[in-house]
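Chemist: I would like the atomic coordinates for the input below:
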Amino acid sequence: MPSMDRRAFLKLASAMGAALAWGGAVAKASTSGWRERRDLYPQGVASGDPDQQSVILWTRRPYGDGHAPATLLVEVAEDPDFKRVIATTAAKVSAESDWTARVIVGNLPAAGEYWYRFVDEEGNGSRIGRTLTAPADDDPRPSKFAFVSCFCLPEGYGNAYRRMIYEDENAKLEDRLGFVLNLGDFIYEVVQYPDQAKNGRYDRKLTFPITFPKGKVVARNRFWVPDSLEDYRVVYQAYLLDPDLQDARARWPFVSVWDNHEISWNAWQSVFEFAGTDGWVAGQKLKVAGNQAWFEYMPARVLPPGAKLDTFSAPTVEDVQLKPTDFDDTGLGTEPNNLAAINSLIIYRALRWGRHIDLLLTDNRSFRSRDPGNHDEVNPLFEGETLGFVPEELWGPLDAGRAFNGGHPPAKLSYGDKSVDNYVAKAAPQSMLGAKQKAWFLDQLRHARATWKVWGNSLGTLDTRVDPQNLPPDVGVWKGKGYGLVSAYDWGSVWHERAEIYDTVRDAGITGFAVVAGDRHSFWAGYAAKALPPAAFEPVGVSFVGGSLISVGGAEANEYVQKKENNPTRGLYIAEDKDGKKQHTFNLMMRHGVRSALEYAKTQDVQKALAVRNPEMAPHLTFVDNGGHGYATVRCDAEKMVTEFVCIPRPVARAPGNDGGPLRYRLRLDIPLWKAGERPQMTQTVVEGDVGLSV
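Modeler: Predicted structure coming up:
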């Protein structure tokens, strides 16, 4: 039963910028006179960050320019007909918070199902929302959630959400979702206007739902991006008009973190970088504006410093051009405006869901150090390079800085017959979390007591390793000494800090460690290990990446950019089967090596392709689908975790009906709980559909 008293809860609600509704009253029928007027609440309703006695409720009720603040009535009931209302309160909306309301409902029984709605002073009501509270910490029943990411609205439709709703409504009560974990890119701040995207993008006919009140053009007139708080607000307003997204937020509580597009594509701390723009762009004001808009539209248990009731307390900052000398020994920019901007909203936090889930959420953008590969000094090494891979032997010293090789980094960085001075020889290792957040995260890991310790992470942790040393000379000449990386931007290449995390898991004897992530616009499954052969391969957990809800993935792009003519490496990415249908050999390359990909491109024979696989390249991977869209679910109990990838066709048109359309496939991954010192084991089953070359 709830344990926090009303006075303490009121203090918490005030700190969170929320009104308080106190549950536990004798259930009574509603007397509000509610009549539904969805047009007056155009962004719908939502709930977020439930715990075992409370949940945050949200809506937006806009009024006209110059309208004074207004008051809404909030009703919470035990039934969808509101004949058993157990909590009511008043919530203020005003132009200052873009007419959004945040209400924290407390003193609720654990593992409860509730319905809520908002009513204005004239009886005009929002749609009805449904929400849940978390099970008690000792509740032994299985728990289930979904994780999602990358909802680029102009590029497609929310068929994945529609499928998720349909399956949940038709599931047994014990198999329904408890919450949806949104792992970032809930919105995309980059917007194209019609004159910038006349021919669509790949398979997509773009829509243009957003026009910025201000905005600015970047990337040589390829995109518009926000240039004010109002610009960010307009993006959220447009996204939340989507019926599938709005229905999902009305059905489940969401637990959310951001990735890059909630603020800016290539931003880190308060530094913005745009393609086609030289140098760093001072972004302190926009970082604060992006944080404020996120706070206003995402009901989350976050604490902006000095928050007032119902509003975001934005610090006053100036846009200051940061210099390399403005960063401390850990990579944190200590310039006061940078610190004020990145600390204006702290979203890393932990939530508990019954006996079986400790959910740890991190922020991978606000405190990360500068990307060591994003320096002009390294460019001479890649002049004339055509393969596009990053050599592991080069990335190791770039990532680890002064800590490389036990504190003895090389004086030169080399690739093939070229070398440059090691410009990070005295720098701290690359950090995604920053020192303060990392200390918090490692402490949370050590003290987590649930059966499964789930790291909710916007960025994938599985290496994107490839073996170009095995390429035939007529395909390409690899100048590296061994393996390479397809990409070096997420946790799959933050080896030093990732090793700190995984070593903590190992040394503390932590079992049930699992990573769920987004951003890659593809489905990945495998093992959490700090190193790959020929180094010791010692998995300490399991790791998953979910496909994008909408956003274009690599497979779709390859169908257009990998031309047949004068392109010897095309077979590494795409080929045609015997019927001429495009097949994504990238999946074979990532799991089995370049020889497998090229063999399939040559013969269209999967068995011949697998016969020439490289067994040492990717022992950390069990599944890769570079073209996967959809969502994933996770079910945890005392004995095992079951993850399902629910993959839909490309969402280039809105699916008719109420089921979200057909599935491409459903893949099930079973992981029994292991003991300390044991290696986790994963088995996979294609439940339905065809996974193509993800074999």
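Chemist: next, count neighbours for the nearest residue to residue 416 once chain neighbours are set aside.
Modeler: With sequence-adjacent residues excluded and distances taken as Cβ to Cβ, 6 or more residues apart in numbering, residue 416 is closest to residue 479, at 3.1 Å. In short, each C-beta sits where N, CA and C put it, glycine included. Neighbours of residue 479 under the rule other Cβ atoms under 10 Å: 19.
Chemist: correct me, but residue 479 touches residue 394?
Modeler: No: applying Cβ atoms under 8 Å as the test, residue 479 and residue 394 come out as separate, 10.1 Å apart.
Chemist: intersection of neighbour lists for those two?
Modeler: Both residue 479 and residue 394 are contacted by residue 415, under the criterion Cβ atoms under 8 Å, 6 or more residues apart in numbering.
Chemist: buried set for the helix-or-strand element of the chain with minimal mean pLDDT?
Modeler: Here the helix or strand of the chain ranked lowest by mean pLDDT, DSSP states H and E is helix 6-15, holding a mean of 75. Neighbour counts over helix 6-15 (16 or more other Cβ atoms under 10 Å) mark 9, 10, 12, 13, 14 as buried.
Chemist: which two in those are spaced the farthest apart?
Modeler: Pairwise distances across those peak at 9.7 Å for 9 and 14 (criterion: Cβ to Cβ).
Chemist: overlap in contacts of the two?
Modeler: Shared contacts of residue 9 and residue 14 (Cβ under 8 Å, 6+ apart): residue 20.
Chemist: may I have stretch 643-657 as PDB, with CA atoms only?
Modeler: This file holds the C-alpha atoms of stretch 643-657, laid out as PDB (Å, rounded to 0.1, in the frame of the first residue of the first chain):
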ATOM      1  CA  THR A 643      12.200 -10.300 -25.900                       C
ATOM      2  CA  GLU A 644      10.100 -10.100 -29.100                       C
ATOM      3  CA  PHE A 645      10.900  -8.100 -32.200                       C
ATOM      4  CA  VAL A 646       7.600  -7.200 -33.900                       C
ATOM      5  CA  CYS A 647       8.500  -6.100 -37.400                       C
ATOM      6  CA  ILE A 648       6.200  -4.400 -39.800                       C
ATOM      7  CA  PRO A 649       6.500  -3.500 -43.400                       C
ATOM      8  CA  ARG A 650       7.900   0.000 -44.200                       C
ATOM      9  CA  PRO A 651       5.300   2.400 -43.000                       C
ATOM     10  CA  VAL A 652       5.000   4.400 -46.200                       C
ATOM     11  CA  ALA A 653       1.200   4.400 -46.100                       C
ATOM     12  CA  ARG A 654      -1.200   4.400 -43.200                       C
ATOM     13  CA  ALA A 655      -2.500   0.800 -42.700                       C
ATOM     14  CA  PRO A 656      -6.300   0.500 -43.100                       C
ATOM     15  CA  GLY A 657      -8.300  -1.000 -40.300                       C
END
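Chemist: what separates that stretch from the chain centre, distance-wise?
Modeler: Taking Cα atoms, centre = their mean, to the nearest Å, the mean C-alpha location of stretch 643-657 is offset from the chain mean by 18 Å.
Chemist: so which bits of it are buried?
Modeler: Within stretch 643-657, the residues that count as buried by 16+ other Cβ under 10 Å are 643, 644, 645, 646, 647, 648, 650, 651, 652, 655.
Chemist: between those, which sits nearest residue 337?
Modeler: residue 651 (40.2 Å).
Chemist: against residue 204, how distant is that closest one?
Modeler: Plainly put, residue 651 is 9 Å away from residue 204 if you go by Cβ to Cβ, to the nearest Å.
Chemist: again with residue 295
Modeler: With distances taken as Cβ to Cβ, residue 295 is found 31 Å from residue 204.
Chemist: pick out whichever of the two has more residues nearby.
Modeler: Neighbours were counted for residue 295 and for residue 204 using other Cβ under 10 Å; residue 295 has more, 25 against 20.
Chemist: would you agree that one falls within a strand?
Modeler: No: per DSSP: H, G, I helix; E, B strand; the rest coil, residue 295 lies outside any strand segment and is helix.
Chemist: got a list of what it touches?
Modeler: Residue 295 is in contact with 17, 302, 304, 312, 345, counting by Cβ under 8 Å, 6+ apart.
Chemist: can you list which of the residues you listed are found in strands?
Modeler: Judged by DSSP state E, strands contain none of the contacts of residue 295.
Chemist: excluding its backbone neighbours, what's nearest residue 366?
Modeler: Excluding the flanking residues, the one nearest residue 366 by Cβ to Cβ, 6+ apart is residue 342, at 4.6 Å.
Chemist: for that neighbour, what are phi and psi?
Modeler: With angles defined as degrees, to the nearest 10, residue 342 sits at phi -70, psi -20.
Chemist: show me the contacts for it.
Modeler: Residue 342 touches 269, 270, 287, 333, 366, 367, counting by Cβ under 8 Å, 6+ apart.
Chemist: and the gap between residue 689 and residue 101?
Modeler: Going from residue 689 to residue 101 by Cβ to Cβ gives 42 Å.
Chemist: do the same with residue 275
Modeler: Residue 275 sits 38 Å away from residue 101, going by Cβ to Cβ.
Chemist: where do the strands sit along the stretch 351-500 of the chain?
Modeler: All strands of the stretch 351-500 of the chain, identified by DSSP state E, counting those that start in this stretch, fall at 357-361, 390-391, 412-415, 418-421, 452-457, 465-466, 484-485.
Chemist: turn those into a markdown table, columns for mean pLDDT, distance to residue 618 and mean neighbour count.
Modeler: Output for the strands of the stretch 351-500 of the chain, formatted as a markdown table (pLDDT from 0 to 100; distance: least, Cβ to Cβ, whole Å; neighbours: other Cβ atoms under 10 Å):
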| stretch | mean pLDDT | distance to residue 618 | mean neighbour count |
| --- | --- | --- | --- |
| strand 357-361 | 98 | 26 | 22 |
| strand 390-391 | 97 | 16 | 23 |
| strand 412-415 | 96 | 22 | 18 |
| strand 418-421 | 96 | 28 | 14 |
| strand 452-457 | 98 | 20 | 26 |
| strand 465-466 | 98 | 6 | 24 |
| strand 484-485 | 98 | 12 | 21 |
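Chemist: closest one to residue 93 among those?
Modeler: Nearest of the strands of the stretch 351-500 of the chain to residue 93, taken as Cβ to Cβ: strand 357-361 at 27.7 Å.
Chemist: quick check, central residue of the protein?
Modeler: The centroid of the chain falls nearest to residue 183 when counting by Cα atoms, centre = their mean (2.5 Å).
Chemist: OK, contacts around that residue?
Modeler: With Cβ under 8 Å, 6+ apart, residue 183 has these contacts: 147-149, 257, 259, 456-458, 516-519, 546.
Chemist: quick one, which of the contacts of residue 342 are buried?
Modeler: Buried among the contacts of residue 342 by 16+ other Cβ under 10 Å: 269, 270, 287, 333, 366, 367.
Chemist: from the contacts of residue 295, which has minimum pLDDT?
Modeler: Least confident entry in these, by pLDDT: residue 304, with 71.
Chemist: end to end on stretch 319-329, go ahead and measure it.
Modeler: The first residue of stretch 319-329 is 23 Å away from its last residue (Cα to Cα, to the nearest Å).
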